[in-house]
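Trainee: one predicted model, sequence on top.
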Amino acid sequence: MAYNIVVLAKQVPDTKAVTGKAMNDDGTVNRSALPAIFNPEDLNALELALQIKDDNPGTKITMMTMGLPSACEVLRQGMYRGADRMILVTDRRAAASDTLATSYILSCAVKKLGKVDMVICGRQAIDGDTAQVGPQCAEKLDIPQITYVQELLDLKDQTITIKRSVGAGWEKVQCQLPVVLTVLDTANIPRPVAARKMMKFKKAHSAMELAKADKADLADALKAKGLLIEEWNLDHIEADLQWCGRDGSPTKVNRIQSVVLAASGHKKIEPTEQGLRDMIHELIEDHTIG
Amino acid sequence: MKKRKYKMIEVNRQGEVWVFAEQYEGSLGEVPLELLGRGRLLADKLGVKLSAVLAGNKVDTLVDELAAFGAEKIYHVENTDLAHYQTISYTKVLCQLIEKHKPQIVLFGATAIGRDLAPRIASKMRCGLTADCTDLQIEDFTEPRTKEVHSNLLQQIRPAFGGNIIATIINYDRWPQMATVREGVMPMPERNENAKAEVVKETVSISPEDLAIKILEQHREAKKVNLKASRIIVAGGAGVGSKEGFKHIWDLANALGGVPAASRAAVDLGFIDHDYQVGQTGTTVRPALYIAVGISGAIQHTAGMSDSAKVVAINCDPDAPIFGVANFGIVGDYTQVIPKLIKAIREKA
C-alpha cells in the first residue's frame, strides 16, 4: 500500500562544534560561527520514511522544514536520499516562535497537504533538546503520537506496530494511521546520499534563494524541471497570527548565561608512588574516602 | 476524533503548585518525590499548597507515600482504563483537572513518560513548557520594554545548545507555568511518616478514542547500577582505549568501595553499558569523590558531574579540559597510575 509521509526536519547549528568563537561576549550564541547541519535525529526519521517507501512502492515522502531560506539545504539533503517533494515554511512573522508556536505553524502546513498517513520527525533537535515539537504537532493535528521510536515492527494497511524505547525498557505498541512518530538516533543508520540524485537536486532552489543570488529569472525553468523548492508563508497555510511567532509563544527567555568552567585551581599530583600515596592520604584525612 | 477545547488559564496568584505523580504498575520511583522536594520550596515561597496528581488503577496505596514526601493535597483519579500510561488518556486527565483547579505551576519528571505527556498537555492548554530543567526558582521579572513587573514567576532554568549555555525561561501571560525536570538533579526530601494529605477524588471518563494506542507488550529492566546514590564514582572515557582497559576502572572502583561509570564516548565505543553513563544524556551525579580517567572533559560530560565534592582527573593530555573542574590533576598513563593508586589505598586501609 502506498502512503503519504511527511518528514519534519530542522536545520540546526552543530552544537558539538562549539568553540570560544561561538559565544558572544554577552553570553549569547553566535549562530553564524557554527556550521549548520541536518538535525541528526531527523536523518533517522527520514531513513525510517525511506525504508517504508522501499517496502511500499508508490509511497510519497514530503520533506518539510520551517526556517530561513538557508534551511533549503536540509530539503535538498532529503532529496539526495530519496524524498519526493520539498516545502520550506518561511515567514518573518514566524520568527521567535517557541515550540508551541512552531508546532502550530507546522501543523497548519501539514494540514494544507491534505491526507497524510504519517508525520515522522526526530525525537529532538540538538540546539534545544526539548523533544516537544513532535508531540505538540500530534496534538494540533489531533492524531496519536508514538515517541521514542526504536523499530518499525509492522505496517499493514492502516495499522502500524512499533517498538519504542522507554527509559529503562521498551514496549510494543500498535495504532491506526494517521500517527506522528518521533525517532531515536539508535533506530537506524541513515543512508548516504545517492550520487545521481545529488547531481540532479543540488540545482533545486527556492524563489528566495534565487532572488538572493540575483537569479530570480530562473524560477520558471526550475519549476518546469521540478527543482523549484516550494515556499509557503503563514497566509498560504492559513495560520492564525495570534498563535505564531513571538505573540504565539508563551515561553520567553529571561536570561542566557554561557557555561564557564571554574578556573583551573587543581593541585598537580606527580604520578609516582609517593605522590599518589600523599593524595590518598589527603582524601582519607578529609573523610572523602573511608 | 473530536477535539475538545480547554479554557486557557489566566494568571492567578492563588493557584497551587502541582507535581505529576508518575507511577508504573503502582510504584512511584524517585522522580515524583524529587519533584515534591523542590515543589515544597516553591509553594512555601508563593504561600500556596503543594499538591500531587495521582492517576491510575488501584493506586490508592501511593497516597500515603506522596503525603510522607510533602504533598498537602492529592488529586486522585482511579480508572481501570488508566492502568497503563497512554498519552491521550493521561492528557485528558491532566487537562480536565488543570482547567477545573487552575494551578499556577505544574511539574513533571523529564522521563520517557513526562516528556511524552507534558508537551501534549501544553499544546492543549496553549501554555508554555520548558523541557529538562535542572533548577527552578521563584523570582520577579521586569519586562525590559514596558518595564512591567511580573512578580513571583517560575524561573525555569535549563542547559541548552548542547550544554554550552544555561537559559532561564519564564512564562508570564499564559498559565500554568509548566516544566519537566531532569531526573536526579533535585535532592530527595526527608520522609515524614506522620504527614497527612487531603485527598480529592476526581472522576475522568475515558472513551475508546482516548486509548488510540494498543500496548501489546511492556518490558522494564532494572538499572544495573545506581549511580545517583553512589558516594564514590570512578569513570572512564574514550582515553581508556578498550573494554579490557576498563578492567582498571572496575578494579579501582572496587578498591574504593565505589562504582564504575563512563562518558558517552566510552559507552558509544562499547566499553561499558549505557546504564553507567554520566553526563548530559546520561545520569547527573554528585558523589563525594569522582575520579575521571581518560575523559577529556567535554561540557556534555562535565554538566553531569561538576557538582561532585572532589574530582580527581587522570589524563595523559595536560591540556585536557577535565583538569579545569578537577581538585587533583594527575598527568600520566592510567595503566601505570591506577595500580599504584590501588596499592596506596590497600596500604592505608
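Mentor: Yep, that arrived. Numbering: from 1, shown residues only, chains lettered A, B, ... in the order given.
Trainee: and whatever helix or strand residue B:252 lives in, what other elements does it pack with?
Mentor: Under the criterion of DSSP states H and E, residue B:252 resides in helix B:246-256. Identification of packing neighbours for helix B:246-256 by 3 or more CB pairs under 8 Å, 6 or more residues apart in numbering or on different chains; DSSP states H and E yields strand B:232-236, strand B:259-262, strand B:289-293, helix B:334-348. Where C-beta positions appear, they are placed from N, C-alpha and C, glycine not excepted.
Trainee: okay, the angle between the last one and strand B:232-236?
Mentor: Taking axes from the mean of the first three to the mean of the last three CA atoms, to 10 degrees, one finds helix B:334-348 and strand B:232-236 inclined to each other by 160 degrees.
Trainee: show me what helix B:334-348 is packed against.
Mentor: By 3+ CB pairs under 8 Å, 6+ apart, helix B:334-348 packs against helix A:273-285, helix B:246-256, strand B:310-315.
Trainee: could I get those as a markdown table with mean pLDDT, mean neighbour count and distance to residue A:159?
Mentor: Shown next, in a markdown table, are the helices and strands packed on helix B:334-348 (pLDDT from 0 to 100; neighbours: other CB atoms under 10 Å in any protein chain shown; distance: least, CB to CB, whole Å):
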| stretch | mean pLDDT | mean neighbour count | distance to residue A:159 |
| --- | --- | --- | --- |
| helix A:273-285 | 91 | 17 | 59 |
| helix B:246-256 | 94 | 19 | 44 |
| strand B:310-315 | 95 | 25 | 52 |
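Trainee: tell me which of these lies nearest to residue A:48.
Mentor: Closest approach to residue A:48 among the helices and strands packed on helix B:334-348 (CB to CB): helix B:246-256, 33.1 Å.
Trainee: just to revisit the earlier point, and of the helices and strands packed on helix B:334-348, who's closest to residue A:51?
Mentor: Closest approach to residue A:51 among the helices and strands packed on helix B:334-348 is made by helix B:246-256 (34.6 Å; CB to CB).
Trainee: contacting residues around that closest one?
Mentor: If you take CB atoms under 8 Å, 6 or more residues apart in numbering or on different chains as the criterion, helix B:246-256 is touched by A:289, B:232-236, B:240, B:258-260, B:262, B:266, B:271-272, B:289, B:291, B:293, B:334-335, B:338-339, B:341-342, B:345-346.
Trainee: just the buried ones from those residues?
Mentor: Buried members of the contacts of helix B:246-256, scored by 16 or more other CB atoms under 10 Å in any protein chain shown, are A:289, B:232-236, B:240, B:258-260, B:262, B:266, B:271-272, B:289, B:291, B:293, B:334, B:338, B:341-342, B:345.
Trainee: so where's the stretch 101-250 of chain B shaky on pLDDT?
Mentor: Of all residues in the stretch 101-250 of chain B, none has pLDDT under 70.
Trainee: run the contact check for the strand or helix carrying residue B:179 versus chain A.
Mentor: For residue B:179, the host element (DSSP H and E) is strand B:177-181. No: Strand B:177-181 does not reach chain A (CB under 8 Å from any CB of the partner chain); its nearest approach is 8.9 Å.
Trainee: now do the strands in the stretch 151-290 of chain A.
Mentor: Assigned by DSSP state E, counting those that start in this stretch, the stretch 151-290 of chain A shows strands spanning A:159-165, A:169-176, A:179-183, A:205-206, A:228-232, A:252-258, A:267-269.
Trainee: show me the one of the ones you listed that comes nearest residue B:89.
Mentor: Counting by CB to CB, and looking across all of the strands of the stretch 151-290 of chain A, nearest comes strand A:169-176 at 13.1 Å.
Trainee: now for the closest one, which elements pack on it?
Mentor: strand A:145-156, strand A:159-165, strand B:214-220.
Trainee: ok, back up a step: any idea how far the helix holding residue B:252 is from the chain center?
Mentor: Put simply, helix B:246-256 sits 28 Å off its chain's centre (CA atoms, centre = their mean, to the nearest Å).
Trainee: go on, stretch A:186-205?
Mentor: Relative to its parent chain, stretch A:186-205 has a centroid offset of 16 Å by CA atoms, centre = their mean.
Trainee: can you list contacts of that stretch?
Mentor: A:43-44, A:46-48, A:50-51, A:72, A:75-77, A:79-82, A:86, A:149-151, A:165, A:213, A:215, A:218, A:222, A:225, A:227-229.
Trainee: how's chain B carved up into domains?
Mentor: Residue ranges for the domains of chain B, per automatic domain parsing: B:17-211, B:227-348.
Trainee: what about the most centrally placed residue in chain B, which SS state?
Mentor: Central residue of chain B (CA atoms, centre = their mean): residue B:183, 1.7 Å from the mean position. Using DSSP: H, G, I helix; E, B strand; the rest coil, the structure places residue B:183 in coil.
Trainee: how about it: what's its closest non-neighbour residue?
Mentor: Using CB to CB, 6 or more residues apart in numbering or on different chains and skipping residues adjacent in sequence, the residue nearest residue B:183 is residue B:31, 5.5 Å away.
Trainee: pop out the phi and psi values for that neighbour.
Mentor: phi -60, psi -50 (degrees, to the nearest 10).
Trainee: chain A contacts on the stretch 151-300 of chain B?
Mentor: Within the stretch 151-300 of chain B, the positions adjacent to chain A are B:155-156, B:159-174, B:212-223, B:232, B:256, B:288-289, B:299 by CB under 8 Å from any CB.
Trainee: give me the buried subset of those.
Mentor: The buried subset of these (16+ other CB under 10 Å) comprises B:155-156, B:159-172, B:174, B:212-213, B:232, B:256, B:288-289, B:299.
Trainee: no more questions from me, cheers.
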